[in-house]
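Novice: the sequence and its predicted three-dimensional model are supplied below.
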Amino acid sequence: MPDTPASVPDFARWPSFPFEGDLRVKRLDDPVAVEPPRKGEGTAECSSCSAPDDAYIWVSERWRVRAMDRPTGLPMVLILESRSHFDLGDLPNLLAAELGVMTVRLERAIRSLDGVARVHVNRWGDGSAHLHLWFLARPYGQLQLRGTFLSLWDSILPPISESRWRENLALVAAWLAEFGGRQLAEPPRIQWRAPSNLSEQASHPVSVDDFGEVDGAEPAVAELVVPMESIEPAADLGELASDVATTQQEDADPADPTGTVDAAARADTDAGTEVKNDDDPNPKGDTDQGGPEVLAAGDSAAAPTGGTR
C-alpha cells in the first residue's frame, strides 16, 4: 500500500494556494494494470470532430478556438483545437509548426484585453484525446492568482458579467480574424429604450437601468412624440414687416426722414474724390462704353443655364 505523506506540501503555504485551514492529503490509490480510454479516442465518438463551426468563436482551415458555455471567474478562458483529429505528439510537421504560431497569436489576442496581465497556456491530455490547449487570463493586479493554481481560482471566483464576457470573446475573435480565418463571436447588442415623450425624458434622466433587456424580451422602442403645446406658433409675416418699418422710422434722422439729404451728400463726396482724365473716353472704368447695364423696374435677369434648382 502506498505511503501517505504525514503533512501537506510546502505549496499549501504559498500565497497563491486557494485554500486554508486544516488540510490533509488523500491516500494514493493503487495503480491500475490498464488505463481506461480517453474521451474521443476515435473520430466517430469524438465530440470535437462532430462539433459544428458555430460552436466556436473563430475558425480557420486547420484550427478552431472555443470558449466555455458560460462566464467563469477569469476574464477569459479559451481552448485552441486542431480541426483534424490529432493528439499533440501525432501532429504532422505543418500543424506542429502552425501550433507555435497559433499559440503566440492567441496569447497576444487575450493579453490585449483590458484588465489582463498574463496568459497561462496549459495542456492536459488525460481528459480528451483530441488536441486542445487551454489559455487562461490572469486579471491585472491580482497577485494572489499568480502561478500554477490559476485554473483552481477560475472555479472559485465569482463569474464575470455575461456582457463583458461576450465582448471579450468578440474582441479576441476579431483580433484573430485580422490574420485570417473567420470570426464567429459577435459583441452583445446595445439595447436602448427611448422615452415616450420629451416631458418623460426631462422627468426621468437616462440611467444604467434604462439599457438592457426587460424580463428577457426585446425592449419596446416607443415613438418620440413632441407635444403640440410645446411648439410656438409661427409669427404673422405682416406683423413682422410692420415691426421692421417702425424700427427704420425710429432710427431715421428727424430732419431728413426720407434720407434724401444723406444720399445727396454721399453722392457729392464720391464725385469729389473721383479722379478724372480727359483723355480717357471711359473715365469710370466701365467695360461697356455705354455704361453699366440698368434693369428697368419690370425687367428680370435671365436665369443661368446649365440646370434647374
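Specialist: Perfect, I can see it now. It should be emphasised that the depicted structure is a prediction, and the values quoted were computed from it without experimental measurement.
Novice: show me where the stretch 51-200 of the chain has its helices.
Specialist: With helices called from DSSP state H, counting those that start in this stretch, the stretch 51-200 of the chain shows them at 93-111, 150-156, 162-177, 198-203.
Novice: reformat those as a markdown table; add mean pLDDT, mean neighbour count and distance to Ser128.
Specialist: Using the backbone N, CA and C atoms, a C-beta is placed for each residue, glycine as well. Output for the helices of the stretch 51-200 of the chain, formatted as a markdown table (pLDDT from 0 to 100; neighbours: other CB atoms under 10 Å; distance: least, CB to CB, whole Å):
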| stretch | mean pLDDT | mean neighbour count | distance to Ser128 |
| --- | --- | --- | --- |
| helix 93-111 | 97 | 16 | 16 |
| helix 150-156 | 95 | 16 | 16 |
| helix 162-177 | 95 | 19 | 21 |
| helix 198-203 | 60 | 11 | 54 |
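Novice: of all those helices, which one is nearest Glu20?
Specialist: Glu20 sits nearest to helix 150-156 of all the helices of the stretch 51-200 of the chain, at 12.2 Å, using CB to CB.
Novice: for the closest one, packing partners?
Specialist: strand 116-122, strand 132-139 (3 or more CB pairs under 8 Å, 6 or more residues apart in numbering; DSSP states H and E).
Novice: out of these, which one sits most buried?
Specialist: Highest mean neighbour count among these (mean count of other CB atoms under 10 Å): strand 132-139, with a mean of 20.
Novice: if we can go back for a sec, nearest to Ile160, out of the helices and strands packed on helix 150-156?
Specialist: It's strand 132-139; of those, that one is closest to Ile160 (CB to CB) at 9.3 Å.
Novice: that older thread, how about the helices and strands packed on helix 150-156 in JSON lines, adding mean pLDDT?
Specialist: Output for these, formatted as JSON lines (pLDDT from 0 to 100):
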{"stretch": "strand 116-122", "mean pLDDT": "97"}
{"stretch": "strand 132-139", "mean pLDDT": "97"}
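Novice: and these as a markdown table, adding distance to Glu178?
Specialist: Formatted as a markdown table, the helices and strands packed on helix 150-156 follow (distance: least, CB to CB, whole Å):
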| stretch | distance to Glu178 |
| --- | --- |
| strand 116-122 | 18 |
| strand 132-139 | 18 |
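Novice: pipe the helices of the stretch 51-200 of the chain into JSON lines and attach distance to Pro188 per row.
Specialist: Shown next, in JSON lines, are these (distance: least, CB to CB, whole Å):
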{"stretch": "helix 93-111", "distance to Pro188": "19"}
{"stretch": "helix 150-156", "distance to Pro188": "22"}
{"stretch": "helix 162-177", "distance to Pro188": "5"}
{"stretch": "helix 198-203", "distance to Pro188": "25"}
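Novice: of all these, which lies closest to Asp53?
Specialist: Minimum separation from Asp53 across these (CB to CB) falls at helix 162-177, 12.2 Å.
Novice: closest one to Arg24 among the helices of the stretch 51-200 of the chain?
Specialist: For the helices of the stretch 51-200 of the chain, the distance to Arg24 is smallest for helix 150-156, at 17.6 Å, taking CB to CB.
Novice: how about low-confidence regions in the stretch 1-150 of the chain?
Specialist: Applying pLDDT under 70 to the stretch 1-150 of the chain flags the ranges 1-6.
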